[in-house]
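S.K.: Need the 3D shape of this:
(2 chains)
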Amino acid sequence: MAVKLPIYMDYHATTPVDPRVLEAMLPYFTNHFGNAASRNHPFGWAAEEAVENSRAQIARLIGATPKEIIFTSGATESDNLALKGIAEMYRERGNHIITQVTEHKAVLDTCKRLEKSGCEVTYLPVEKDGRINLDDLRRAITPKTILISIMYANNEIGVVQPIAEIGRIAKEKGVFFHVDGVQAVGKVPVDVQKDNIDLLSLSAHKMYGPKGVGALYVRRRNPRVQLAAIVDGGGHERGMRSGTLNVTGIVGFGKACELCQNEMTEESERLHRLCERLKDNLFGKLDEIFINGSMTHRLPHNLNISFAYVEGESLLMGINDVAVSSGSACTSATLEPSYVLKALGVGEDLAHTSIRFGLGRFNTQEEVDYVSERVIETVTRLRELSPLYEMAKEGVDLAKMQWSASSPAEH
Amino acid sequence: MAYSDKVVEHYNNPRNVGSLDKNDPNVGTGLVGAPECGDVMKLQMKVNPQTQVIEEAKFKTFGCGSAIASSSLATEWVKGKTVEEALTIKNTDIVKELSLPPVKIHCSVLAEDAIKAALNDWKKKQGSDATAEQPAAAAQQ
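M.R.: Numbering: from 1, shown residues only, chains lettered A, B, ... in the order given. Below you'll find the model as predicted:
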């Protein structure tokens, strides 16, 4: 079977809307266009009913109750609301937040801002496999600690943190536990009860729903979590997030959660097999390639590989009918390679050669084989072009070389 | 980021890829950049000692498409030029020819540096006893 090009293999960045999700959304653009806050006519009632139905679908997927779901514009807003909302609401109790270095920027940059307004933040390091050390976490907790914020799974390397253990520690110490669940929810089982999660950030477009809608789970019982709002207005969403609800987006979000719940087991097994196949294809034909992050504690649909001696952006250019992303500096505006890989202790030289493959619902085995072939072919060609590969083959120790001092970033 | 047609063309059909004997007294080798920065260029030129004309040029580059294109273009340009002429090639000429965006200007700087480094190495070899062996001297500068 011929594959259709280009191939999308960047599902950590975003996912297409599932056609079944789109179908559920369409009537809410036109026929049922009401404002869910309009309490006195059928247009409003229909919208409200749809929103409440979605709330239930989302809650079910994560083991919550519908009232604990607060709709937002996406996970970035959810992360902001969780961190800023807790910091402000519980200022009297303490000002210390614990997070870790490979979090998404939505958490890290929010922490940076909170530091400017008097919070103290501990950024836990990660081990070589990308996971935090639980002893480090225990040691970091002080009487002033009000919040631990640790992501479920990382967006670059797919590494899953020991969430249940962290949840137990947080509960034992009476500290709130926020989890950025964007990459994990809908892909692997996430249960806020079992994992003692107090706040959980979600995003629809990472799970085959539309962009521009997300949610924050806020625990209501045992313990009850309160948040200071960061958006003021009509008092929607129990006063935690004002603003007219994005009804169509929310309907799509709910439907997306329902589909994930029904299909997750089968889908994650299938994607895991495809990922293994991709890995075996590449490792079978290429030497000196390295997987970044734990292979045992990992999302089933992620592979992050460094192709030594081949710069990531040039590799992307060679496989231009395949959409993947690179940890190379050249793909970002900052000229800095991935901070996530750096935190794992991956050298900057290898960080520049990394590619993230994120598989998803619509990838096929044929696509995996096609992508493997293209990557193998391009890496082989670019290594022929690489002075580093030549030197390594001659036995030169690249780490001991004196490289010319000028840094490209300084020009 | 969209690449210019010329960058894509050089990337797909790089000119003069390969290596020359770095121990040949008439070959100058320039190795610039660093793996941590994501760009390393090796540029080698074989100079006719009588005429000072660059008769051969080869490159290998670890780097993005623009770095590969810049070094490929550099080998094309230096071939047939005298040493003195080659030293007048400016990074801005490369930027113009390849329509490099600002974020990629460092690639052209690196290519200019590589030309200079290779010719310096050659001059050093000429200055010292032309038969003297300087294994890997250039590569470690």
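
S.K.: Just the CA trace of the lengthiest helix in chain B, in CSV.
M.R.: Ranked by residue count under DSSP state H, the longest helix found in chain B is helix B:105-127. Provided in CSV are the C-alpha atoms of helix B:105-127 (Å, rounded to 0.1, in the frame of the first residue of the first chain):
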residue,chain,number,x,y,z
ILE,B,105,24.3,34.2,9.3
HIS,B,106,26.6,32.4,11.6
CYS,B,107,26.8,29.6,9.0
SER,B,108,28.3,32.0,6.5
VAL,B,109,30.7,33.3,9.1
LEU,B,110,31.8,29.8,9.8
ALA,B,111,32.4,29.2,6.1
GLU,B,112,34.6,32.3,5.8
ASP,B,113,36.5,31.2,8.9
ALA,B,114,37.0,27.8,7.4
ILE,B,115,38.5,29.3,4.2
LYS,B,116,40.9,31.4,6.3
ALA,B,117,41.8,28.5,8.6
ALA,B,118,42.6,26.2,5.7
LEU,B,119,44.7,28.8,3.9
ASN,B,120,46.5,29.7,7.2
ASP,B,121,47.3,26.0,7.6
TRP,B,122,48.6,25.9,4.1
LYS,B,123,50.7,29.0,4.6
LYS,B,124,52.1,27.6,7.8
LYS,B,125,53.2,24.5,6.0
GLN,B,126,54.8,26.5,3.2
GLY,B,127,56.6,28.7,5.8
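
S.K.: Off-centre distance for it?
M.R.: Centroid separation for helix B:105-127 versus its chain: 6 Å, with Cα atoms, centre = their mean, to the nearest Å.

S.K.: go on, stretch A:370-386?
M.R.: Centre-to-centre, stretch A:370-386 and its host chain are 28 Å apart (Cα atoms, centre = their mean).

S.K.: Quick check, pLDDT for the most centrally placed residue in chain B.
M.R.: By Cα atoms, centre = their mean, chain B has its centre lying nearest to residue B:43, at 3.5 Å. Note on residue B:43: pLDDT of 97.

S.K.: Okay, buried residues for stretch A:388-402 please.
M.R.: Using 16 or more other Cβ atoms under 10 Å in any protein chain shown as the test for burial, stretch A:388-402 gives A:388, A:389, A:390, A:391, A:392, A:396, A:398, A:401. All C-beta atoms are positioned from the backbone trio N, CA, C, and that covers glycine.

S.K.: Quick one: mean pLDDT for it?
M.R.: pLDDT averaged over stretch A:388-402 gives 90.

S.K.: For the chain, give me the ranges with low pLDDT.
M.R.: Answering for chain A, as no chain was given. Where chain A drops to pLDDT under 70, the residues are A:1, A:329-335, A:405-411.

S.K.: meant chain B actually
M.R.: B:1, B:128-141.

S.K.: Wait, residue A:21 touches residue A:207, no?
M.R.: No. Using Cβ atoms under 8 Å, residue A:21 makes no contact with residue A:207, being 9.3 Å away.

S.K.: Quick check: residues of chain B near chain A?
M.R.: B:1, B:3, B:8, B:11, B:14, B:17, B:19, B:31-42, B:60-65, B:67-68, B:103, B:105-107, B:109-110, B:113, B:117, B:139-141 (Cβ under 8 Å from any Cβ of the partner chain).

S.K.: for stretch A:157-168, which positions count as buried?
M.R.: Those would be A:157, A:158, A:159, A:160, A:161, A:162, A:163, A:166, A:167, for stretch A:157-168 by 16+ other Cβ under 10 Å.

S.K.: can you list those residues in CSV and add secondary structure and distance to residue B:27?
M.R.: Putting the buried residues of stretch A:157-168 into CSV (DSSP: H, G, I helix; E, B strand; the rest coil; distance: Cβ to Cβ, whole Å) gives the following:
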residue, secondary structure, distance to residue B:27
A:157, coil, 43
A:158, coil, 47
A:159, strand, 47
A:160, strand, 53
A:161, coil, 53
A:162, coil, 56
A:163, helix, 59
A:166, helix, 59
A:167, helix, 64
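
S.K.: before we move on, back to that, does anything pack onto the longest helix of chain B? Which helices or strands?
M.R.: strand B:27-34, strand B:39-47, helix B:65-78, helix B:83-86, helix B:91-98 (3 or more Cβ pairs under 8 Å, 6 or more residues apart in numbering or on different chains; DSSP states H and E).

S.K.: Please find the angle between the direction vectors of that helix and strand B:27-34.
M.R.: Put simply, helix B:105-127 runs at 150 degrees to strand B:27-34, going by axes from the mean of the first three to the mean of the last three Cα atoms, to 10 degrees.

S.K.: What angle do helix B:65-78 and helix B:105-127 make with each other?
M.R.: 40 degrees.

S.K.: Let me see the contact set for residue B:52.
M.R.: B:82, B:83, B:84 (Cβ atoms under 8 Å, 6 or more residues apart in numbering or on different chains).

S.K.: so how many other residues sit close to the residue nearest to residue A:254 when sequence neighbours are not counted?
M.R.: Using Cβ to Cβ, 6 or more residues apart in numbering or on different chains and skipping residues adjacent in sequence, the residue nearest residue A:254 is residue A:54, 2.7 Å away. Around residue A:54 sit 30 other residues, with neighbours defined as other Cβ atoms under 10 Å in any protein chain shown.

S.K.: what helix or strand does residue 61 sit in?
M.R.: Using chain A here. helix A:42-62 (DSSP states H and E).

S.K.: not quite, I wanted chain B
M.R.: Going by DSSP H and E, residue B:61 is part of strand B:54-62.

S.K.: who does that strand touch, helix- and strand-wise?
M.R.: Identification of packing neighbours for strand B:54-62 by 3+ Cβ pairs under 8 Å, 6+ apart yields helix A:387-394, strand B:39-47, helix B:65-78.

S.K.: do you know which of the ones you listed lies nearest residue A:112?
M.R.: With distances scored as Cβ to Cβ, the stretch of the helices and strands packed on strand B:54-62 nearest to residue A:112 is strand B:39-47 (29.8 Å).

S.K.: can you pull out the strands in the stretch 1-150 of chain A?
M.R.: With DSSP state E, counting those that start in this stretch as the criterion, the stretch 1-150 of chain A has strands at A:7-8, A:69-72, A:96-100, A:120-124, A:145-149.

S.K.: next one: the last one to chain centre, how far?
M.R.: The chain centre lies 20 Å from the centre of strand A:145-149; the measure is Cα atoms, centre = their mean.

S.K.: Just the angle for that strand relative to strand A:96-100, thanks.
M.R.: Using the same axes, to 10 degrees: strand A:145-149 against strand A:96-100 is 20 degrees.

S.K.: Report all helices and strands that strand A:145-149 contacts.
M.R.: helix A:75-89, strand A:96-100, helix A:163-173, strand A:176-180.

S.K.: Over to the first one?
M.R.: Helices and strands touching strand A:7-8, by 3+ Cβ pairs under 8 Å, 6+ apart, are strand A:322-323, helix A:365-384.

S.K.: ok, back up a step: the more surrounded of residue A:21 and residue A:207?
M.R.: Set residue A:21 next to residue A:207 and count neighbours by other Cβ under 10 Å: residue A:207 wins out with 26 against 23.

S.K.: Thanks a lot, catch you later.
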